[in-house]
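J.: My questions are about this predicted structure, shown below with the sequence.
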Amino acid sequence: MSANPQDALPIRLTMDDNDSPSDVVDALFLGRFATGEQPHARSTSLDRVRSGATLLPPGATVLRSARAEDRSAVLAQGEGWTILVSRWNRGADVTVTAVDDDLARSVLAQATDGALDEPEPRPEDVAMGFWYMSPRRGPHRTTRQIAAGTWDEVRPNYTAPVAHALDRLMKVTPDDVSGRLLLLHGPPGTGKTSALRTLAREWRDWCQVDCVLDPERLFGDIGYLMDIAIGEEDGTGQGRWRLLLLEDCDELIRGEARHTAGQALSRLLNLTDGLLGQGRNVLVGVTTNEDLERLHPAVVRPGRCLARLEVGPLTRAEAVGWLGREEGVGREGATLAELYALRRGTGPTTLPEPRGTEAGLYL
């Protein structure tokens with residue numbers, strides 16, 4: 001094996017002002033794989049790397065190192081293998097090429113052994129995946145531990161009819177699943193997202209919960225949609241259900257969505273009970289601020305929804321009971337967000353009304 005990675009490049013590199021040292025490191029790394037000198041490759045992505053971890057196996061010789069403000073790349077080698085470590089913020093991609101697959105797997109394991117920064121698990125935490133389209137890596141899923149209260153703890157946050165409906169939803173098991181769509185609609189600040197976090201905790205024994213951060217792109221890119229539909233196991237067991245959360249999807253599911261969102265609505269419906277969803281244990285949870293009357297009839301038709309809940313504010317009596325005092329609570333009650341603001345002693349910031357006008361200015 002040549003000691004110089006540039007000797008393995010089968011092509012001539014042409015550089016311009018748009019290229020960076022990291023781009024050169026990436027190109028040098030691919031040389032031995034492209035020529036077949038090291039025809040086997042293994043790679044992994046780490047979301048949170050422990051401080052001080054080099055991600056290099058013992059005996060690695062560093063060949064190139066490039067560092068920028070938001071990214072670094074290190075190229076190193078050993079006997080029969082080459083490794084590329086690309087880091088950004090707290091995450092990293094690690095790729096190894098080698099003369100055989102067993103060596104590539106072994107070197108990758110040594111490089112990443114003990115490198116993950118894993119916080120102490122807490123009973124109130126639940127693992128939740130987050131999907132997004134990365135400019136560098138395409139569809140990508142990262143995992144975070146999200147704090148979520150038990151249903152008994154958060155139940156008082158909801159008005160009585162909503163709480164009763166959520167009682168049933170929290171107890172759902174795979175045998176109870178009929179429709180594949182969970183629809184939570186209602187004004188902002190009423191606790192729709194909080195309910196979904198608690199649902200993730202109550203269902204964690206049988207359902208993996210993933211939040212899609214860019215749902216408008218998901219249903220506009222069939223490749224992205226297929227990656228998510230096929231899914232990615234969280235490592236806790238085979239055959240688990242998956243719940244995909246799509247927040248604030250007003251434009252996607254309102255009545256005129258067929259005209260404004262093109263094929264997006266059709267693809268959403270196809271994922272829930274069409275051919276795309278067949279053979280896949282996938283549920284889709286959607287939150288929206290729209291009124292039920294403004295939603296597309298195809299979304300709310302009988303049989304499609306496992307649950308369809310209108311999450312509204314607490315009544316005045318419920319809000320006063322929650323807050324422990326009447327001060328600040330209006331005759332119509334209050335949303336959960338308003339109650340938390342009252343508890344903290346905060347409210348909307350306003351500017352004094354200018355003289356000679358009737359309209360106030362709000363920040």
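T.: Good, I have the coordinates.

J.: Find the helix or strand that E338 is a member of.
T.: Using DSSP states H and E, E338 sits within helix 336-344.

J.: who does that helix touch, helix- and strand-wise?
T.: helix 316-323 (3 or more CB pairs under 8 Å, 6 or more residues apart in numbering; DSSP states H and E). Using the backbone N, CA and C atoms, a C-beta is placed for each residue, glycine as well.

J.: Report all helices and strands that the helix it packs on contacts.
T.: The contact analysis (3+ CB pairs under 8 Å, 6+ apart) places helix 316-323 against helix 336-344.

J.: So for the helix it packs on, what gets flagged as buried?
T.: L336, E338, L339, Y340, A341, L342 (16 or more other CB atoms under 10 Å).

J.: Could you list the low-pLDDT ranges of this protein?
T.: 1-18, 119-121, 231-239, 250-263, 273-279, 291-302, 346-363 (pLDDT under 70).

J.: any idea which helix is longest in it?
T.: Secondary structure of the chain per DSSP state H: the longest helix is helix 21-35.

J.: Please save the CA atoms from that one in CSV.
T.: Taking Å, rounded to 0.1, in the frame of the first residue of the first chain, the C-alpha atoms of helix 21-35 are listed here in CSV:
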residue,chain,number,x,y,z
PRO,A,21,-9.3,21.7,2.4
SER,A,22,-12.0,19.4,3.7
ASP,A,23,-13.1,18.7,0.1
VAL,A,24,-9.5,17.7,-0.7
VAL,A,25,-9.4,15.4,2.3
ASP,A,26,-12.7,13.7,1.1
ALA,A,27,-11.3,13.2,-2.4
LEU,A,28,-8.0,11.7,-1.1
PHE,A,29,-9.9,9.3,1.1
LEU,A,30,-11.9,7.8,-1.8
GLY,A,31,-8.8,7.0,-3.9
ARG,A,32,-8.0,3.6,-2.5
PHE,A,33,-11.7,2.5,-2.5
ALA,A,34,-12.1,3.7,-6.1
THR,A,35,-9.1,1.8,-7.4
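
J.: And it, what does it pack against?
T.: For helix 21-35, the packing partners by 3+ CB pairs under 8 Å, 6+ apart come out as strand 61-67, strand 72-78, strand 81-88, strand 91-98.

J.: export these to JSON lines and tack on distance to V25?
T.: Output for the helices and strands packed on helix 21-35, formatted as JSON lines (distance: least, CB to CB, whole Å):
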{"stretch": "strand 61-67", "distance to V25": "5"}
{"stretch": "strand 72-78", "distance to V25": "4"}
{"stretch": "strand 81-88", "distance to V25": "7"}
{"stretch": "strand 91-98", "distance to V25": "12"}
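
J.: on that earlier part again, now the buried residues of helix 336-344 in a markdown table, with distance to L265?
T.: What follows is the buried residues of helix 336-344, written out as a markdown table (distance: CB to CB, whole Å):
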| residue | distance to L265 |
| --- | --- |
| L336 | 29 |
| E338 | 32 |
| L339 | 35 |
| Y340 | 34 |
| A341 | 35 |
| L342 | 38 |
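
J.: Just the closest of those to D152, please.
T.: L336 (16.6 Å; CB to CB).

J.: got a list of what that closest one touches?
T.: L336 sits next to N157, Y158, G189, T190, G191, S194, P313, L314 when contact means CB atoms under 8 Å, 6 or more residues apart in numbering.

J.: Out of the residues you listed, which sit inside helices?
T.: Per DSSP H, the subset of the contacts of L336 in helices is S194.
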